[in-house]
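>>> need a 3D model of the sequence below.
(chains A and B)
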Amino acid sequence: GNSVTQMEGPVTLSEEAFLTINCTYTATGYPSLFWYVQYPGEGLQLLLKATKADDKGSNKGFEATYRKETTSFHLEKGSVQVSDSAVYFCALTANAGGTSYGKLTFGQGTILTVHP
Amino acid sequence: EPEVTQTPSHQVTQMGQEVILRCVPISNHLYFYWYRQILGQKVEFLVSFYNNEISEKSEIFDDQFSVERPDGSNFTLKIRSTKLEDSAMYFCASARAESPNQPQHFGDGTRLSIL
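As a prediction, the model looks like this:
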């Protein structure tokens, strides 16, 4: 079945540090890949996505590249801010040859804390 | 920006009791989902709903669970006889279409505590 594995957290960084959160996946069909973010007390918000190999998703300074050869979708940001403190979830939907993308399969989430 | 709203934000229920979690999806969305997250674990898919019927459900979604869209705006998750292990955060999501270009929008969740 489909699965997503994220690096263990929590991650604690100083402001302006470089961020990497690793994500690898296994999937049948042709997965689309997502990063969702959950700020304290809020729901899950889509941060970025990539729908095919070598696509780069980007938003708010965050980037992730869909690497089919390594089945990875690592999240990066060059300079984090205190306001980036949140829980980050890697996720996929897998089209097994049909047209439905349906349910999301999530990783376990990585807690990021950024200190001033 | 339109958003998915869930009520209540926190529900405390005695084991064995029925509970109904409510969601108002975004108004022009057609696909609806429930997920749950047990404390410290992954967000897990429960069920998807389209055109007034379940389109997919997980192994978790057994006969104790049901979903309904009673009035064209609300989307509810009912747990018939709650167990301690049903304690979790439950998220509702909706999407305009099942496509990566129409991503799922999530509510803030309902924290369900079973005593």
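
>>> report the buried residues of stretch B:88-100.
B:88-95, B:98-100 (16 or more other Cβ atoms under 10 Å in any protein chain shown). Bear in mind the C-beta positions are built from the backbone N, C-alpha and C, glycine included.

>>> most widely separated two among the residues you listed?
B:A88 and B:S99 (28.0 Å; Cβ to Cβ).

>>> just the ones of the buried residues of stretch B:88-100 in strands?
Among these, the members falling in strands (DSSP state E) are B:88-95.

>>> wait, does the helix or strand in which A:V114 is found contact chain B?
Assigned by DSSP states H and E, A:V114 belongs to strand A:110-115. No. Using Cβ under 8 Å from any Cβ of the partner chain, strand A:110-115 never reaches chain B; the gap is at least 10.9 Å.

>>> now that strand: buried residues?
Applying 16+ other Cβ under 10 Å to strand A:110-115 flags A:110, A:112, A:114 as buried.

>>> I'd like the residues you listed as a markdown table, with pLDDT appended.
What follows is the buried residues of strand A:110-115, written out as a markdown table (pLDDT from 0 to 100):
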| residue | pLDDT |
| --- | --- |
| A:T110 | 95 |
| A:L112 | 96 |
| A:V114 | 97 |
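
>>> and chain A, which of the buried residues of stretch B:88-100 contact it?
B:91, B:93, B:98-100.

>>> which among the buried residues of stretch B:88-100 gets closest to A:L48?
Among the buried residues of stretch B:88-100, and counting by Cβ to Cβ, the member closest to A:L48 is B:P100, at 11.3 Å.

>>> farthest residue from the center of chain B?
The outermost residue of chain B relative to its centre, with distances by Cα atoms, centre = their mean, is B:N101 at 22.0 Å.

>>> per-residue pLDDT, the residue nearest to that one when sequence neighbours are not counted?
Once flanking residues are discounted, B:N101 sits nearest to A:T51: 7.6 Å by Cβ to Cβ, 6 or more residues apart in numbering or on different chains. Here, the pLDDT recorded for A:T51 equals 89.

>>> list the contacts of A:T51.
A:32-33, A:66, B:100-101 (Cβ atoms under 8 Å, 6 or more residues apart in numbering or on different chains).

>>> thinking again about what came up before, of the buried residues of stretch B:88-100, the lowest pLDDT goes to which?
Out of the buried residues of stretch B:88-100, that is B:P100, at 69.

>>> what pLDDT does the nearest residue to A:L112 once chain neighbours are set aside get?
Of all residues beyond its chain neighbours, the one nearest A:L112 is A:V11 (5.0 Å), with distances taken as Cβ to Cβ, 6+ apart. For A:V11, the model assigns a pLDDT of 95.

>>> count of residues packed around A:V11?
The tally of other residues near A:V11 (other Cβ atoms under 10 Å in any protein chain shown) stands at 17.
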